[in-house]
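**Q** I'll drop the sequence and a predicted model, then ask my questions.
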Amino acid sequence: MSQAENDVVEHMLSSLTTSVLQNRIAPSDEQVMHHFWLACERAGLIATEEIAIRILKRVSREINEAQSMLEFIGPGADRLN
């Protein structure tokens, strides 16, 4: 993955997280694509279909891994108090 693609992934993860925290609901497919195009514009990346698929798969994988980690640490969080 190129640096520009990594920048898009990082920007999307950040902006999607902010969106979820503000709205308390998961973004729609249209909102995800809106975040994608804004991130591409910000990174100066002209996304081909191949690049878009690669980036969206990576974002999805990162979100799934984060959810798995939250499930893993979730039960232990009660023991911290």
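**A** Received, thanks.

**Q** packing partners for the helix or strand harbouring residue 59?
**A** Residue 59 belongs to helix 49-77 when elements are defined using DSSP states H and E. The contact analysis (3 or more C-beta pairs under 8 Å, 6 or more residues apart in numbering; DSSP states H and E) places helix 49-77 against helix 3-23, helix 29-43. Using the backbone N, CA and C atoms, a C-beta is placed for each residue, glycine as well.

**Q** which of these sits closest to residue 57?
**A** Nearest to residue 57 among the helices and strands packed on helix 49-77 is helix 3-23; the distance by C-beta to C-beta comes to 10.0 Å.

**Q** could you give the angle of that closest one to helix 49-77?
**A** Following axes from the mean of the first three to the mean of the last three C-alpha atoms, to 10 degrees, one obtains 50 degrees for the angle between helix 3-23 and helix 49-77.

**Q** residue contacts, residue 47?
**A** Neighbouring residues of residue 47 by C-beta atoms under 8 Å, 6 or more residues apart in numbering: 8, 36, 40, 55.

**Q** pLDDT score assigned to it?
**A** Residue-level confidence at residue 47 comes out at 92, pLDDT.

**Q** repeat that for residue 1.
**A** Looking at residue 1, the pLDDT reads 83.

**Q** just residue 38 next, same as before
**A** 95.

**Q** now tell me which helix or strand of this protein has the poorest mean pLDDT.
**A** helix 49-77 (a mean of 85; mean pLDDT, DSSP states H and E).

**Q** and that helix, how far out from the chain middle?
**A** 8 Å (C-alpha atoms, centre = their mean, to the nearest Å).

**Q** quick one, that helix and helix 29-43 angle?
**A** For helix 49-77 against helix 29-43, the angle by the same axes, to 10 degrees is 110 degrees.

**Q** buried residues in helix 49-77?
**A** For helix 49-77, the neighbour count (16 or more other C-beta atoms under 10 Å) marks 51-52, 54-56, 58-59, 63 as buried.
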